[in-house]
Every structure is written in structure tokens, then in C-alpha cells.
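K.L.:
Structure here, sequence nowhere to be found:
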């Protein structure tokens, strides 16, 4: 990612009946808040890039990180407002996938149901080196080339989430929910990318919550920018 980069996402597929078949009446918790109509768009602009950031786990240690500061415009139809919905949002993430493995070993967890806010190129290599993906009787997280694949079940309904990253610029180019029949019931993806300048990083446009003292993009069934 570069300082000044502007990214616009757009909802491409919204199958209300299909989502309700999988997630029931609470289907809106499975998709981005306010992103429940084809054509809705979301914008983010990178204002600052910090290649010397740090993730501090206290007595468990410190890790080298990339940091960015962004302005965010929430999902809307038509023109975006002049002023962003959220300004100067700070996000940080591990530079080295081995540090992700180490950190999650120390806290006794897994690098699952987290969507990386950004990772350094090479995308395929970075994803491949994350070892702490969770697998049990109810869900499985895995990678294939430039994709993160989440095979899961909600109540008795199976579904798959696929996060596809561009191998050249690292953007999250597509997010999909697929039902057990193989039908895509929800999808959003890039509408516009305007390159900025300075230091290249990869941004996964999903959303960031603070978990403990680490900035993570995390949601089980409410994944994006909530």
C-alpha cells in the first residue's frame, strides 16, 4: 500500500434469499453493515504509512509491524460525502508471518477468524507461511495460492468464505460467500483503485477491531468495517 492510495469497494452480489437460507433471519450479521444492496460502495484513503511500527504484547514481547492511518467512507449509493465517516483510523499488522505464528502460540490461540488488515508482498508466500490456521469439526481455515478459504457451518448449513488477494498489488480484490450448492450468495470487490506514493504495502479491505492490544480485522459473522 502507498500513502495517498484510494480504494473503492462495491457490492456485486446480494442474494437475500440465499443468505437467509444459510444464516436465517440474522443474515445481515454475516455481511458488512449497511452493505445489503448491489451497487453500494465503500471508500478508504491511506493518509500515512509507517514501516517502523510495533505490536506490543507486553511481557510476551514486541513484534515488528507495518502501520497505516486511513480515512473511511461508509457504504453508500451515489456520491461520497466530502468528509469521511471516520478519520485517522490507525491499523497495524505483523511484518513477518512467523511472528503471527509465534504470537498466537504465546496467547494460546489461532490465527483464525482474523482477516489481515494488510500483509507484505509476496502474498502467496506470506499466506503460505502462516501455520496457525484452525481446523476442527466445525470449521477449517486454509490457504490456496492467493486465497484464504474458510469452510464452515452455521447451525446446520454449510458455507464457504473466500478472500482473494491480488498478487501484484496485494489488494483484497474479492470477498465471496458461497452456499453448499456452490452458488455465490454474496460478493463485494474492487470498483476503483487510485495508486498513491511512497512505500508499498498490502491492504485487505475488510475491517479492523481492537482485540486486546493488537489491531486485528476480526468478525465471525459480521466481517467488514463494523
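P.N.:
Arrived safely, thanks for sending. Model, not experiment: these values are computed from the prediction.
K.L.:
switch to C-alpha atoms for all contacts and neighbour counts from now on
P.N.:
Noted.
K.L.:
And the strands in the protein, which stretches?
P.N.:
6-14, 41-56, 62-76, 86-94, 139-144, 147-154, 157-165, 172-179, 184-194, 209-211, 214-216 (DSSP state E).
K.L.:
Residue 23: which of these is closest?
P.N.:
Closest to residue 23 of the strands of the chain is strand 147-154 (CA to CA; 6.5 Å).
K.L.:
quick one: strands adjacent to the closest one?
P.N.:
Strand 147-154 pairs in its sheet with strand 139-144 (antiparallel), strand 157-165 (antiparallel), by DSSP bridges.
K.L.:
Just say which of these is most tucked in.
P.N.:
Ranked by mean neighbour count under mean count of other CA atoms under 10 Å, these are led by strand 157-165, which reaches a mean of 19.
K.L.:
Check the offset of that strand from the chain's centre.
P.N.:
Distance, stretch centre to chain centre, for strand 157-165: 12 Å (CA atoms, centre = their mean, to the nearest Å).
K.L.:
from here on, count from 33
P.N.:
Got it, the first residue is 33 from now on, which makes the last one we talked about strand 189-197.
K.L.:
Give me the angle between that strand and strand 204-211.
P.N.:
Interaxial angle of strand 189-197 relative to strand 204-211 (axes from the mean of the first three to the mean of the last three CA atoms, to 10 degrees): 170 degrees.
K.L.:
returning to that earlier point: tabulate the strands paired with strand 179-186 (JSON lines), appending distance to residue 128 and mean pLDDT.
P.N.:
JSON lines is the format used below for those (distance: least, CA to CA, whole Å; pLDDT from 0 to 100):
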{"stretch": "strand 171-176", "distance to residue 128": "17", "mean pLDDT": "80"}
{"stretch": "strand 189-197", "distance to residue 128": "17", "mean pLDDT": "89"}
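K.L.:
What number of residues are in the vicinity of the closest residue to residue 43 other than its chain neighbours?
P.N.:
The shortest distance from residue 43 to any non-neighbouring residue, by CA to CA, 6 or more residues apart in numbering, is to residue 220 (4.2 Å). By the criterion of other CA atoms under 10 Å, residue 220 has 24 neighbours.
K.L.:
residues contacting residue 220?
P.N.:
41-45, 206-208 (CA atoms under 8 Å, 6 or more residues apart in numbering).
K.L.:
Just give me the closest of those residues to residue 75.
P.N.:
Using CA to CA, residue 41 is the member of these that lies nearest residue 75, at 6.4 Å.
K.L.:
and the residue lying closest to residue 181 once chain neighbours are set aside, what is it in contact with?
P.N.:
Using CA to CA, 6+ apart and skipping residues adjacent in sequence, the residue nearest residue 181 is residue 194, 4.7 Å away. Applying CA under 8 Å, 6+ apart, we find residue 194 in contact with 179-182, 206-209.
K.L.:
let's see 10 Å
P.N.:
175, 179-183, 206-210, 219 (CA atoms under 10 Å, 6 or more residues apart in numbering).
K.L.:
For residue 52, the count of nearby residues, please.
P.N.:
15.
K.L.:
cool, and residue 93?
P.N.:
For residue 93, the count of nearby residues is 10 (other CA under 10 Å).
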